[in-house]
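> Here is my input, please return the structure:
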Amino acid sequence: MKHLPMLNTHPPLDGLLAVEKPGCPEANPLPPHDPSPPLPARPRLWSSHDVVARVRHLSGERRIGHTGTLDPMASGLLLLCLGKATRLVEFYQHQTKRYSAQIRLGGSTDTDDATGRLLASVPVPPLDSAAIDRALDLFRGEYLQKTPRYSALKQQGETLYRRMRRGAEVDPPSRLVTFYQIELVNFYAPDRIDLTVECSAGTYLRSLARDLGEQLGTAAYLQSLHRQAIGPFDVAEAHSLARIEAACQQNQLPALLLPPGDRLSMPEYPLDSGTLQRLSFGQITPLTVSLCTPDRQLAAARDEQGRLAGIIRRVGCTDTPIPWLWKAEKWLQ
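From the prediction side, this is the model:
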């Protein structure tokens, strides 16, 4: 995306911004490569990086990060962190995701979705909803998934899609992912499947479409994808880029922001100013509180007004009346 100068400057904006990312309208795969005919026109596709760059330009806030990408063809919820909230990106990245997806049977593409080139057309056997649901059972729960060849994962320090585009050899890795729920919403015979999916972070619905096609004795690609939720955040609370632009022009973007630390998935503790100051200085501080996330031993520290002061880590315990020892992990105040 072409670099644009900032529209204005102002005090830093700190908070979360739920964006409704535009996706690709109904599309069909490109034909196999043939240099003679012109390529069909494609609508503009917004990458997650494009959305970040656009909000950065509109708002004038340079510190912006996202909590998990969406493929350019996909629409739906993209959660951004602005200003001090960028320090919290890692704590929002690993939340579950919910999608609605449309899968097309009878063809495979090089990207495993409708934006790629058609590699093969394959007959679709007679199917019904029961047969499709039985095939989906193979993916429910934990599943070792092979990532698409065109993806943002890195190999030898370079993204797979860049390696593919320059003709380098690509060996897509496999990763253990979890499908908490896969619901068959509709089957439109002979070749369209509509699903709702709840899955772990890092899951590729393009790979699910490809692998489901193989299980059904044909080929398949992802026709469309819409992200409905990231953990407790729902697309219903997201703002369009047009709404964000209008808010920036009226200096009202702060009204669209959620507070830093909103709906963090960890225990929260209100602490007095003296305790917060000691933690902010990097001191290991005894506290009576004990609950934390089981994987990283983390909790959220809030001030007496309920604002997030920072993320604290439990580092040990003692035999004193104040038994638990904590230190600052990330600090905002």
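> quick one, phi/psi of the nearest residue to residue 260 once chain neighbours are set aside?
Nearest residue to residue 260, sequence neighbours excluded (C-beta to C-beta, 6 or more residues apart in numbering): residue 85, at 4.1 Å. No exception for glycine: its C-beta is placed from N, CA and C like everyone else's. Torsion angles at residue 85 (phi, psi; degrees, to the nearest 10) stand at phi -70, psi -10.
> tell me the contacts of residue 208?
By C-beta atoms under 8 Å, 6 or more residues apart in numbering, the contact list for residue 208 reads 101, 103, 139, 145, 179, 197, 222.
> burial measure for the closest residue to residue 61 other than its chain neighbours, as a count.
Take residue 61 and drop its neighbours on the chain: the residue closest to it by C-beta to C-beta, 6+ apart is residue 13, 4.5 Å away. By other C-beta atoms under 10 Å, 21 other residues sit near residue 13.
> is it true that residue 13 touches residue 255?
No - proximity of residue 13 to residue 255 does not meet the contact threshold set by C-beta atoms under 8 Å, at 11.0 Å.
> Run a quick check on the residue nearest to residue 260 versus residue 15, I expect a contact.
Yes - taking contacts as C-beta under 8 Å, residue 85 lies within contact range of residue 15: 5.6 Å.
> Looking at the two, which is more packed in?
For residue 85 versus residue 15, neighbours defined as other C-beta under 10 Å are more numerous around residue 85 (27 against 20).
> Next up, the contacts around the more buried one.
By C-beta under 8 Å, 6+ apart, the neighbours of residue 85 are 14, 15, 16, 260, 261, 332.
> where does the stretch 1-150 of the chain have low pLDDT?
Counting by pLDDT under 70, the stretch 1-150 of the chain contains low-confidence residues at 1-11, 26-27, 33-43, 149-150.
> so where do the helices sit in it?
Applying DSSP state H, counting those that start in this stretch to the stretch 1-150 of the chain gives helices spanning 48-59, 89-92, 129-136.
> of all those, which lies closest to residue 187?
Distance to residue 187, taken as C-beta to C-beta, is lowest for helix 129-136 among the helices of the stretch 1-150 of the chain, at 4.8 Å.
> distance between the ends of stretch 199-212?
16 Å (C-alpha to C-alpha, to the nearest Å).
> Taking the contacts of residue 85 together, which two end up most distant?
16 and 332 (12.7 Å).
> Could you pull out the buried residues of the longest strand along the chain?
With secondary structure taken from DSSP state E, the chain has its longest strand at strand 174-188. For strand 174-188, burial by neighbour count (16 or more other C-beta atoms under 10 Å) applies to 175, 177, 178, 179, 182, 187.
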